[in-house]
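*Asks:* Any chance you can model this:
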Amino acid sequence: MKLNRQDWQRLALPLVALLVSLVFAIGMVTYAQGYHGEIEQRLQQQQNLLMQARSRLLASDQERENIIRYLPVYQRLMDQGFIGEEHRIEWVDALRNIHQTQRLFGIKYSIGAQAPYQPGFIGNTAPFTLYRSVMKLELSLLHEGDLLVLLDGLRRYQSTPFLVRDCTMERSGVPSTTILVPVASAACEIDWLTLRESTAGAMP
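*Replies:* Residues are numbered from 1 along each chain as shown. Modelled structure (predicted):
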């Protein structure tokens, strides 16, 4: 079947309309697919935001429960001088009280600068940093038991934790039957421990 010029003229408009319809249909399908993908992406983003919000809510609830549960313990440790600033004056007062009540011979002491401390027997203390201050003690002894009296007294007078790092004793005289005189001397190093919140670049 041959189409003459008049037939092509009559078919021109329908063919153009068909072509436009095809182009429009293809465009609509492409747009619909792109829009569907965008909607899915937005939906996924909203779901992610919802999950994050739920996680934050659960975390805040857990944090609130932890605060209620552990705040009294935290406050007690602060009052005892284990968390926060050192209570050096109280350490010295404890030595003075022990010296007076137990009638010990003279006690000499010095306290070094506070420094970070990470012993092998203590694990990670984050978000806190463990510090220690070394106290050096020198005292004269009537007998060896005076040293135990001093250390036990520190434990009774002080709630701040400390570790006895080292103690040495030397005999320095002989007992007297008429007067009380020291017969030995002792030198000790004690680590006073405190916890402080970790801060980047903070110095003790």
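*Asks:* From Pro119, how far out is the residue nearest the centre of the chain?
*Replies:* With distances taken as CA atoms, centre = their mean, Pro127 lies nearest the centre of the chain, 1.0 Å away. Remark: distance between Pro127 and Pro119 (CB to CB, to the nearest Å) = 19 Å. Where C-beta positions appear, they are placed from N, C-alpha and C, glycine not excepted.
*Asks:* where does this protein have low pLDDT?
*Replies:* 1-11, 66-67, 70, 123, 173-179, 199-204 (pLDDT under 70).
*Asks:* Show me where it has its strands.
*Replies:* Ranges of strands in the chain, per DSSP state E, are 107-111, 115-116, 128-141, 162-171, 184-197.
*Asks:* Going by contacts, tell me the helices and strands next to the longest helix along the chain.
*Replies:* Longest helix in the chain by number of residues (criterion: DSSP state H): helix 5-80. With contacts defined as 3 or more CB pairs under 8 Å, 6 or more residues apart in numbering; DSSP states H and E, helix 5-80 has no helix or strand neighbours.
*Asks:* okay, now Ala94: neighbour count?
*Replies:* Each residue near Ala94 was counted by other CB atoms under 10 Å, and the total is 19.
*Asks:* contacting residues around it?
*Replies:* Counting by CB atoms under 8 Å, 6 or more residues apart in numbering, Ala94 makes contact with 153-154, 157-158.
*Asks:* Apart from its neighbours in sequence, what residue is nearest it?
*Replies:* Tyr157 (3.8 Å; CB to CB, 6 or more residues apart in numbering).
*Asks:* how about the one you found, what does it touch?
*Replies:* Contacts of Tyr157 (CB under 8 Å, 6+ apart): 93-94, 97-98.
*Asks:* Selecting buried members of those in ChimeraX, what would you type?
*Replies:* Selecting only the buried entries of these in ChimeraX, with 16 or more other CB atoms under 10 Å as the criterion:
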select :94,98
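*Asks:* partner residues bridging Trp192?
*Replies:* Going by DSSP bridges, Trp192 is paired in beta bridges with Ser133, Phe162.
*Asks:* Look up how far Pro161 lies from it.
*Replies:* Trp192 is 8 Å from Pro161, by CB to CB.
*Asks:* again, but for Ser172
*Replies:* Distance, Ser172 to Pro161, by CB to CB: 31 Å.
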